Each structure stands twice: as C-alpha cells, then as structure tokens.
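Asks: what shape does this take:
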Amino acid sequence: MYRYGLGVRFFNLGSHSSRTAWDPTVSLQLNHPSLVLLEKCSSRSHLKQILGQVMRNNLIGQTFPMSRLLVFSAISHPKNLDMARVLFEHFTPQPNLFIYNTMISALAFSTSQSFALYNAMLHDHMLPDKHTLCRLLHSTKCVAETKQIHCHAIVTGLFLQGYLQNTLMKVYLDNKNLDIALRLLHHMPVPDSVSFNIMIVGFAKHGLGAKALQLFHRMVNLGVEPDDFTILGLLVSCRQLRNLKLGKSVHAWIQRRKDFGSSSLILWNALLDMYLKFKEVELACKIFNQLAKKDTISWNTLIVGCVKSGEVKLAHDFFDQMPSRDLVSWNSLVAGYAQNGHYSMVVELIKSMPAHNVSPDHVTMVSFICAAAEIGVLDQGKLVHGWAMKKAAKIDAFMGSALIDMYCKCGSVKGALTIFRELPEKDVVVWTTMITGFAFHGLGSKALELFAEMQKSVKPNEVTFVAILTACTHSGLVDQGMKVFHDMKATYGIEPRVEHYGCLVDLLGRSGRLAEAKVVLDTMPMKPSRSAWGAMLSACRAHGNVELAEMALTKLLDLEPDREGAYILLSNVYAACGRWSYSDHVRDIMEGRGLKKTVGRSSVSIDGVIHDFVASDTQRLTRWEEMQHICNFLSRQMQNCPEFLEFLFQQYHC
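Replies: I've put the predicted structure just below:
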C-alpha cells in the first residue's frame with residue numbers, strides 16, 4: 001500500500017485561526033476530551049462518533065491525535081483496520097515514525113502491503129528503527145524477504161541492536177535456515193540468555209537435540225545464566241534424543257538450582273511430560289505428588305501420559321481426583337478407553353459429560369466412533385452414528401473418515417459409501433479411508449474406480465497408494481497393481497517406501513509369481529521389513545515352495561527372533577507338502593524356545609452385549625455341539641451351492 005498524496009496537505013474544515021491550539025504537554029497526557037473518550041471506546045459506532053468530534057474540533061490531521069486514532073483502530077481493535085487505512089492515507093499528511101510502525105504492524109498479515117508501506121516511508125526520507133524492521137520481519141513469508149530486511153539492518157546501522165538480531169535469528173529458524181541463524185549467534189559480540197534460548201529451543205524443535213546441547217554448553221562456558229526457557233529446550237532435546245539418562249541429569253541440575261523452585265510450573269510440567277514420554281510413570285507420579293501447586297495442564301499431562309503408557313486405570317484415578325476438569329481431560333480418558341477396546345466405559349464417560357457441564361466435541365465423537373469400530377458390531381455403530389449426528393453441528397472430513405472406517409470395519413461397505421457420498425468436503429484422508437474399506441472387503445475394482453475419481457480433485461499421498469495396492473492384492477488384480485506401483489514415481493512423483501515394496505511382494509506372491517517377488521526383495525533400495533518377508537513366507541505356504549520359505553524364515557527370524565508367527569507359517573508349509581517330520585521339528589523348536597501359538601479369539605454381539613470366546617472353549621460354551629453342527633452345515637452349503645455363497649456375500653456387504 002503506497003501513500004498516494006503524501007505531499008498534499010489535508011484541507012481544513014474551518015479557517016486556520018479557528019483550529020484548536022494543541023499543547024504537547026496536555027496532548028501527551030491524553031487529557032483532551034475526545035482522546036479520553038477514545039480510551040473508553042468499545043464499539044465501531046462509538047468510534048465514528050468520536051471521529052466526528054475530532055473533526056469538528058479541527059484535531060484531525062494533527063500528528064498526535066492521528067497516532068492515537070490509528071493505534072486504536074489498527075492495533076487495539078483491528079476489526080476497524082479499514083477505517084485506519086482511510087485515516088492514514090487521506091487524513092495524516094505528516095506521519096511520524098511511530099505512525100508508520102503502527103501501520104506496518106497492522107498490515108503484517110500481508111507482505112506486499114507492509115513492504116509497500118515501508119518503501120513509502122523510505123521515499124519520505126524517514127529512517128527506520130529496530131521496531132520497524134522487527135515488525136517487517138513478522139510479515140515475511142520467505143527467506144529472500146528476510147535477507148532483504150537483514151541487509152537493511154546492516155545498511156542503516158541497526159544490526160547491532162540485540163533485540164533485532166534475536167528476532168532475525170528466530171525468523172531464520174522458523175524458515176529452517178539453521179546455518180544462517182547459527183552464524184548470527186556466533187558473530188554476536190555479547191549474546192545474552194534470550195539469544196541462546198532462541199537457538200536452543202529452535203534446534204530442539206527441528207529435531208537437532210545434540211546441537212541444542214552443544215549450544216547449552218557454550219552458553220554455560222560464556223557465563224550466561226540459563227533460565228526456565230533454556231531448560232525447556234534441554235528437556236525437549238532429551239525427548240528427541242531418547243536419552244533418559246540425560247533427562248535425569250537435567251532434572252538433577254534443576255534440583256540443585258535454588259532459583260528453579262516449584263513456583264516455575266511451566267518447567268515442572270515439561271519435566272513431567274518428558275518422563276511420561278519415556279513411559280516412566282512412577283517417576284512422573286512422584287514429581288507430580290511433590291508439586292506444591294498444580295494447574296489443569298499438570299493434571300492433563302499426567303492423564304495423557306498414563307493413557308499412552310497403557311495405564312488407563314491409573315489415568316482414571318487421577319481424573320477422579322482432579323479439582324477441575326476441562327474438555328481435554330475428558331477426551332484424553334475417553335480416547336484411552338477407546339484405544340484399549342473398553343467400549344462400555346467410553347459410552348459411560350460420554351453419557352456423563354453433560355452432567356458435568358461439558359459438551360462433547362468432534363474429538364470426543366471420533367473416539368466414540370473408533371470404539372464402536374473396534375468391536376465391529378454394526379447395530380452399536382449405527383447408534384453411535386445417530387448420536388454423533390445429534391450432537392455435532394455437521395459432519396466434517398475428520399469425523400466423516402472415522403464413520404467410513406467404522407462402517408467398513410462393521411461390515412457395511414454400503415453404509416460407508418453413503419457417508420462418503422454425502423460428505424460436502426473430502427480431503428485425502430476421506431478418499432483413502434474409503435479406498436481402504438474397499439480393499440479389505442476384496443472390492444478391488446471399486447477401489448480402482450474410486451482412485452481414478454479421486455485424482456480429479458485430490459492428489460493421492462503415500463498412504464493412498466498403500467490402500468490401492470492392498471486392494472489390488474486382495475482382489476488378484478496383479479497387472480493393475482503393478483501399474484499403480486510404477487506410476488507412483490513416474491506420474492505422481494512419490495518415491496516408493498518400504499511398505500509399498502511390501503505390498504508389491506504380497507501382490508506377486510499371492511498370484512504365485514514367487515520368483516518375481518524374490519527379485520523385488522533382492523533389488524529394493526532399502527532393507528526389507530518383517531511384513532515384506534512375512535508376505536513372502538505366506539505366499540510360499542500357499543504355493544508350497546519350501547526352498548523359498550526356508551530362506552524367508554531365516555530373514556524373518558533375523559528381524560524378530562522372539563515372534564512365533566514365522567515358525568507357524570513354516571510348519572504349515574511343511575505340512576502342506578506332506579513333510580510332517582519337518583513340521584513337527586519346527587513345533588519342537590518353538591516349544592524349546594518357549595514360544596506358543598496365540599489362541600484364536602472370537603466375539604459375537606447378542607442384544608447389544610459382546611461375548612468373547614476362544615477356540616475349543618467347550619467348557620464355557622454349553623451349546624458347543626449345536627454351534628459346530630451349524631458351522632458344518634454352512635460349510636457344506638457354500639461348497640455345494642455357489643448361489644448361497646453369493647447370497648451371503650451380498651448380505652455381508654449390505
């Protein structure tokens with residue numbers, strides 16, 4: 001925004017003699033009635049009335065009254081920025097540096113406007129100060145603009161201002177120019193604690209914990225006293241380096257310093273969070289109990305940490321002890337029970353929220369939906385959907401993707417597709433979730449159709465390609481899957497990762513093309529994962545290739561020697577080929593290493609109650625023989641009557 005007409009003076013509403021004399025000693029004390037009213041103004045209509053009084057008193061156009069009007073309308077109440085721009089452009093003929101800084105700050109949301117105003121200021125032969133350049137830095141969007149301001153700071157002699165140097169360092173760090181920020185620090189004659197804190201926290205946020213620790217050692221060697229923010233940066237670095245021993249050292253250092261007492265609650269909350277990230281729940285609880293003062297963040301940090309460590313019961317105990325719970329507290333506990341499959345507790349907690357004057361939000365609803373998805377019961381899922389529709393103002397992409405996932409896991413692809421089509425806005429997660437639903441129900445052709453439709457409006461990501469490759473695998477669409485894999489990089493510019501190669505191995509292996517799958521494993525640019533070798537082993541079992549199965553087992557045992565899955569698969573390969581002695585030998589090896597096959601578990605919902613049972617659990621199942629008879633009958637019907645199988649398939653997907 002250039003100032004057109006800066007050289008044109010504002011015309012007087014009255015004669016020059018009738019203008020109110022402005023006494024700077026009175027003006028600067030804000031004793032003028034109009035400006036006193038401005039300090040008490042709270043609405044746009046009042047501002048217009050005050051502006052009318054200022055104009056009638058012939059105060060408009062004078063520098064100090066205009067500065068007060070501009071600060072009020074552009075900074076204190078930015079919703080009046082349009083009025084501030086009119087006042088500045090047409091009623092402020094002689095803006096001073098303070099007025100320019102005010103307007104640059106107000107227009108910081110727009111780089112072009114703030115830079116244009118800065119150019120107008122330079123054309124007025126007015127030199128900037130450190131505040132001008134700092135406010136310009138807040139509006140920068142790229143490194144080139146930051147470097148221009150950096151150059152202006154050097155040319156104008158303002159670069160030696162410590163405040164400006166610190167701001168420059170922070171902006172460079174935010175733009176990931178870590179080397180330039182570090183050079184700035186090294187060239188500072190006397191860096192203070194703020195300078196080091198900006199660098200330590202900045203490096204920690206960018207995952208460079210080791211560099212942050214080096215800066216801390218330099219800071220101490222220079223005799224600069226660390227403060228709370230320094231320690232916060234160190235604690236973040238310890239989490240990133242996954243170095244619990246170092247974290248405990250920082251804790252001990254804090255304890256030895258008298259000036260870091262329990263009054264520094266932010267610091268102690270960060271320490272609490274660090275221990276919980278390392279799943280040191282006992283140590284975290286000890287620190288928590290020693291805190292003389294606790295805020296809601298302290299309680300929520302402990303609850304979230306306990307939930308992530310699998311200590312949901314302990315999290316619930318702390319939740320009950322909280323003096324004041326907010327929505328984060330409720331959502332953390334609800335999510336904990338949802339992740340651990342305690343559907344009944346999720347329902348109970350959400351139903352009790354209104355009684356505590358807490359309204360469920362989208363996060364609560366999504367946890368509720370995920371809990372219903374995990375138990376895979378369609379009638380409960382529909383109840384959750386209805387309840388979410390009632391409580392939520394609208395179903396957005398976040399909740400929509402959760403509902404699609406729930407319907408797919410509950411066996412209703414048709415219900416999931418209805419939700420998908422009704423969503424007004426679909427992001428890449430929504431599209432990918434629906435494609436994944438098709439994939440795991442063996443509807444590869446529909447997944448490919450949806451993938452083609454998706455590309456008209458949304459660009460697929462890495463997860464989308466995992467979903468579409470899985471769909472091709474489960475439907476036997478080998479050629480289509482191979483094309484999708486090769487198009488990833490050629491057409492979409494996405495480099496295949498280990499999970500994509502694993503899908504390709506599974507795709508080739510299931511179709512019997514074991515030699516090609518072996519070539520993929522040998523030539524892929526990264527080390528194959530356990531899932532890739534597991535897919536190879538499963539394919540060898542299905543096609544009776546003992547030689548490749550033994551090789552895959554060797555590779556798989558190198559990656560996970562204590563898992564029983566690989567042994568079970570190899571034993572089944574030998575059994576399928578009639579080599580029973582080898583199969584028994586593998587079972588003996590398992591037994592000798594203390595490995596046991598995980599017992600299969602099933603569940604069924606009757607009248608809304610979930611019943612779990614394990615294989616051959618005849619003691620708890622009184623009607624075992626009747627159940628076995630029905631299963632045998634269904635098996636015979638499916639073998640003898642393909643139409644019956646098609647009927648069951650259609651019912652399942654409805």
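Asks: centre-most residue in the protein?
Replies: For the chain, F398 is the residue whose C-alpha lies nearest the centre (C-alpha atoms, centre = their mean; 12.4 Å).
Asks: neighbours of the closest residue to that residue other than its chain neighbours, how many?
Replies: Sequence neighbours aside, H362 is the residue nearest to F398 in space, at 6.0 Å (criterion: C-beta to C-beta, 6 or more residues apart in numbering). Every residue, glycine included, has its C-beta placed from N, CA and C. Neighbourhood size, H362 [other C-beta atoms under 10 Å]: 18.
Asks: how close does H362 get to A397?
Replies: Distance, H362 to A397, using C-beta to C-beta, to the nearest Å: 10 Å.
Asks: same check on I60?
Replies: As for I60, its distance to A397 is 50 Å (criterion: C-beta to C-beta).
Asks: those two: which has the busier surroundings?
Replies: Neighbours per residue, other C-beta under 10 Å: of I60 and A397, the larger number sits with I60, 21 against 17.
Asks: W431 contacts V463, doesn't it?
Replies: No. The pair W431 / V463 is not scored as a contact, 10.1 Å apart, by C-beta atoms under 8 Å.
Asks: quick check: which element contains V86?
Replies: helix 81-91 (DSSP states H and E).
Asks: would you mark the buried spots in that helix?
Replies: For helix 81-91, the neighbour count (16 or more other C-beta atoms under 10 Å) marks L81, M83, A84, R85, L87, F88, F91 as buried.
Asks: export that helix as PDB, just CAs?
Replies: Provided in PDB are the C-alpha atoms of helix 81-91 (Å, rounded to 0.1, in the frame of the first residue of the first chain):
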ATOM      1  CA  LEU A  81      -8.500  -1.700  10.100                       C
ATOM      2  CA  ASP A  82     -10.400  -0.400   7.100                       C
ATOM      3  CA  MET A  83     -11.100   2.900   8.900                       C
ATOM      4  CA  ALA A  84      -7.400   3.100  10.000                       C
ATOM      5  CA  ARG A  85      -6.300   2.800   6.400                       C
ATOM      6  CA  VAL A  86      -8.600   5.600   5.300                       C
ATOM      7  CA  LEU A  87      -7.400   7.800   8.100                       C
ATOM      8  CA  PHE A  88      -3.800   7.100   7.400                       C
ATOM      9  CA  GLU A  89      -3.900   7.600   3.600                       C
ATOM     10  CA  HIS A  90      -6.100  10.700   3.500                       C
ATOM     11  CA  PHE A  91      -6.100  12.400   6.900                       C
END
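Asks: can you show me the CA trace of whichever helix or strand comes after it as CSV?
Replies: Next helix or strand after helix 81-91 toward the C-terminus (DSSP H and E): helix 97-106. In CSV, the C-alpha atoms belonging to helix 97-106 read as follows (Å, rounded to 0.1, in the frame of the first residue of the first chain):
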residue,chain,number,x,y,z
LEU,A,97,7.9,7.1,12.6
PHE,A,98,5.5,5.9,15.3
ILE,A,99,2.6,6.1,12.9
TYR,A,100,4.5,4.2,10.2
ASN,A,101,5.4,1.5,12.6
THR,A,102,1.8,1.2,13.8
MET,A,103,0.5,0.7,10.2
ILE,A,104,3.3,-1.7,9.3
SER,A,105,2.5,-3.8,12.3
ALA,A,106,-1.2,-3.7,11.5
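Asks: so for the helix or strand following helix 97-106, mean pLDDT?
Replies: Counting by DSSP H and E, the element after helix 97-106 in chain order, helix or strand, is helix 111-123. The pLDDT scores in helix 111-123 average 84.
Asks: continuing past helix 111-123, what's the next helix or strand?
Replies: Per DSSP H and E, the first helix or strand lying C-terminal to helix 111-123 is helix 130-137.
Asks: quick check, the residue nearest to the centre of the chain in contact with V366.
Replies: Yes. Assessed by C-beta under 8 Å, F398 is found in contact with V366 at 6.5 Å.
Asks: now for the helix or strand containing T418, which elements pack on it?
Replies: Secondary structure assignment for T418, by DSSP H and E: helix 413-422. Helices and strands touching helix 413-422, by 3 or more C-beta pairs under 8 Å, 6 or more residues apart in numbering; DSSP states H and E, are helix 397-409, helix 428-440.
Asks: could I get the ones you listed as CSV with distance to S324 and mean pLDDT?
Replies: Output for those, formatted as CSV (distance: least, C-beta to C-beta, whole Å; pLDDT from 0 to 100):
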stretch, distance to S324, mean pLDDT
helix 397-409, 27, 90
helix 428-440, 34, 94
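Asks: with distance to N177 added, can I get those helices in JSON lines?
Replies: Formatted as JSON lines, the helices and strands packed on helix 413-422 follow (distance: least, C-beta to C-beta, whole Å):
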{"stretch": "helix 397-409", "distance to N177": "33"}
{"stretch": "helix 428-440", "distance to N177": "29"}
